[in-house]
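# I'll drop the sequence and a predicted model, then ask my questions.
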Amino acid sequence: MRKLNVATWVLLVLTGLAWARPAAAQQHRRKTDAPRTTAQMERERRRNLRQIKATSQALTQTTQKKQASLGQLNVIKEKLTVKQGQIAHISTQLKGIETNVHQTAGQVLATQARLRALKAEYGRLLYTAATTANAYNRLMFLFAAESFNQFALRLRYVRQYTEERQRQAQRIVGAQTQLQQQLSGLTQAQVRKSSLLKTQLSENQNLLVIKGQQAQMVQQLGQQEQGLREQLAEQQQAVRRLDQAIAQRVQLEIARAARAARLAARRERALAARSRPDAGNERANPRNPRAEARDEPANDPSAAPEADAPETAAEAAADRRASRIALTPEGELASSKFSGNRGHLPWPVGRGFVSQRFGRHAHPVLKNVVIENRGVDIQTGAGEAVRSVFDGKVLTVTSIAGMNQIVMIQHGDFFTVYAKLRSVSVQEGQRVSAREPIGTVATNGEGTSEVQFQVWHNSANLNPETWLGRK
């Protein structure tokens, strides 16, 4: 078979790319996507593999129970999401390979054209050299000069001509080497593309299998509608009890801080009054009845009658109506540090995935039913350690029916809540550090292990996913 030249080979490559463009790449292409580096794509691939491993372990744990459960459905949905991410990642790689191949093919054509021009120029040099190939012709050319200066110029010309011919030969060799490298790169890209297309086909088949599992699980759960409604009612009651406990504890802390701030202001006013110049004159005047009643040292704030005055009903009511914590300098620092780590907080568990997100969502099985989540539910493995996401003080350790053990940690005027714990290893008033274990996750009767995580700023409930960093 006649060997194809380089230009024909490149045209075939470009034509093949135009016809073999994968449909999945077109589906997942976004106009706003920024080009990602190889290192970024490799990190994404590894992250997907870790998620697949974690969801497989969680699915193994939940499927030990024969009856279908929402925990199993959550795991299957997460596997579906991760698998779709894998396919999108492969499509991005294919798009990058296509772009690279197009660029390299264009470079090959340009190099081929440059090589032809170099060879043509070299041919002209050889022809010219052939006309003066013998020493006699070169000597005649030199000695035909009319002056010594012209002789020197002709001698320099002969030397430069010889050097230019040698450099032209080197350029041709360099262009040929570059062309071979470019053609080799095209071949490797084609091999890589073929491998990715096979992987994409396999992953698409796996995606169909997972979608089938999801449909089957939804069908099985649909046959348990009555049980799901009863389970949902119990969960909603547990959520209301948790919300009430959190709101009460936050309001108590706000009122306590308000009272402490008011007493501190009283003491400052008392100290300021004692430091006035006329305060000494009043004390020195024996006819001053107030001087007889004040024999305490002036630098003792606890002795100030105004600071120790009992709290009035109006002041207590005002404390209860306060909506924000009156921060001390230490509290302001803790609050500022916590706020500065928004989007970078570690996860409360070492492995797992968000099984239910923040806010209002449609029930995954029951039609026309909306559920509301004050935090995020993170499904993980049985016995997984639950960790504090930031430095703080343990404010509350309690238990609530349906939520198991509860731990609430204060970070200035921010609070983090960890619910659905099987055991707790901290106590109220204890200082904890970021990533310090505070307990272990509980596993329900369906074999699902998950922790409920919430973030509060004073009395405002926040979306925890905007605070947690990427795993």
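Received it, and whenever you're ready, just let me know what you need.
# Was I right to think residue 254 contacts residue 458?
Yes: with contacts counted by CB atoms under 8 Å, residue 254 reaches residue 458, the gap being 6.7 Å. All C-beta atoms are positioned from the backbone trio N, CA, C, and that covers glycine.
# Specify which residue of the two has the higher count of neighbours.
A direct count of neighbours by other CB atoms under 10 Å for residue 254 and residue 458 places residue 254 higher, at 21 against 16.
# So which elements touch the helix or strand in which residue 226 is found?
Under DSSP states H and E, the secondary-structure element containing residue 226 is helix 225-274. Helices and strands touching helix 225-274, by 3 or more CB pairs under 8 Å, 6 or more residues apart in numbering; DSSP states H and E, are helix 313-321, strand 370-373, strand 392-400, strand 404-411, strand 414-424, strand 449-457.
# Partner strands of the second one and their direction?
In the sheet containing strand 370-373, its partner strands are strand 359-362 (antiparallel), by DSSP bridges.
# cool, and the third one?
The pairing partners recorded for strand 392-400 under DSSP bridges are strand 404-411 (antiparallel), strand 431-432 (antiparallel).
# who's in contact with it?
Residues outside strand 392-400 that contact it (CB atoms under 8 Å, 6 or more residues apart in numbering) are 238, 241-242, 245, 249, 253, 334, 338, 405-411, 415-416, 419, 424, 426-432, 438.
# Which segments of this protein make up each domain?
Annotated domains of the chain cover 6-27+38-222, 225-254+336-466, 256-326 [automatic domain parsing].
# Stretch 447-467: which residues count as buried?
447-459, 461-464, 467 (16 or more other CB atoms under 10 Å).
# okay if I get the strands paired with strand 392-400 as TSV plus distance to residue 358 and mean neighbour count?
Shown next, in TSV, are the strands paired with strand 392-400 (distance: least, CB to CB, whole Å; neighbours: other CB atoms under 10 Å):
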stretch	distance to residue 358	mean neighbour count
strand 404-411	18	23
strand 431-432	24	15
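# Please name the nearest non-neighbouring residue to residue 341.
Nearest non-adjacent residue to residue 341, counting by CB to CB, 6 or more residues apart in numbering: residue 390, 6.6 Å away.
# same deal with residue 401?
residue 238 (6.3 Å).
# just checking, the one you found touches residue 402?
Yes: with contact defined as CB under 8 Å, residue 238 counts as touching residue 402 (2.6 Å).
# roughly how far apart are residue 411 and residue 231?
According to CB to CB, to the nearest Å, residue 411 and residue 231 sit 33 Å apart.
# what's the answer for residue 80, then?
Separation of residue 80 from residue 231 (CB to CB): 23 Å.
# element containing residue 390?
Using DSSP H and E, residue 390 falls outside every helix and strand.
# May I have the residues that are in contact with it?
Taking CB under 8 Å, 6+ apart as the test, what residue 390 contacts is 337-338, 341, 345, 409, 411, 416, 434.
# Now with 6 Å, please.
338, 411, 434 (CB atoms under 6 Å, 6 or more residues apart in numbering).
# For residue 370, see how far away the residue lying closest to the first one once chain neighbours are set aside is.
Nearest in space to residue 338, with sequence neighbours left out and distances taken as CB to CB, 6+ apart, is residue 411 at 4.2 Å. Per CB to CB, residue 411 is found 31 Å from residue 370.
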